[in-house]
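Colleague: Kindly return the folded structure for what I paste below:
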Amino acid sequence: MIKIDQECCDLCGTCVSVCPVDCMELKEAMLVIDNSRCNSCQICVRMCPFKALELVD
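Modeller: Here you go, the predicted structure:
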């Protein structure tokens with residue numbers, strides 16, 4: 001499961017654009033993740049320029 005630190009996220013959309021399973025979207029001025037579709041590849045975590053994402057159990 002990917003956890004979002006909404007205070008660090010600046011809504012740049014990098015994570016949305018690199019997600020291979022399209023489980024992330026910018027919605028109503030916040031990032032939303034459908035963790036049921038996430039495959040835990042962590043591409044979004046590695047690519048986030050603000051370190052706003054992390055993989056949690």
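
Colleague: can you tell me which residues contact the residue nearest to residue 5 when sequence neighbours are not counted?
Modeller: Nearest residue to residue 5, sequence neighbours excluded (Cβ to Cβ, 6 or more residues apart in numbering): residue 52, at 4.7 Å. For every residue, glycine as well, the C-beta is placed using N, CA and C. By Cβ atoms under 8 Å, 6 or more residues apart in numbering, the residues touching residue 52 are 4-6, 8-10, 31.

Colleague: and if we set it to 6 Å?
Modeller: For residue 52, the contacting residues are 5, 8-9, by Cβ atoms under 6 Å, 6 or more residues apart in numbering.

Colleague: what's the distance between the closest residue to residue 54 other than its chain neighbours and residue 10?
Modeller: Nearest residue to residue 54, sequence neighbours excluded (Cβ to Cβ, 6+ apart): residue 3, at 5.3 Å. Residue 3 sits 17 Å away from residue 10, going by Cβ to Cβ, to the nearest Å.

Colleague: try residue 31
Modeller: 10 Å.

Colleague: and what of residue 4?
Modeller: 12 Å.

Colleague: If you count surrounding residues, which of those two has more?
Modeller: More neighbours surround residue 4 than the other of residue 4 and residue 10, with 18 against 12 (other Cβ atoms under 10 Å).

Colleague: buried ones in the strand or helix carrying residue 31?
Modeller: For residue 31, the host element (DSSP states H and E) is strand 30-33. Buried residues in strand 30-33, defined by neighbour count with 16 or more other Cβ atoms under 10 Å: 31, 33.

Colleague: in its sheet, what does that strand sit against?
Modeller: When pairing is defined by DSSP bridges, strand 30-33 lines up against strand 24-27 (antiparallel).

Colleague: which residues are in contact with the partner strand?
Modeller: With Cβ under 6 Å, 6+ apart, strand 24-27 has contacts from 11, 13, 15-16, 32-33.

Colleague: cutoff 7 Å now
Modeller: 11, 13, 15-16, 31-33, 44 (Cβ atoms under 7 Å, 6 or more residues apart in numbering).
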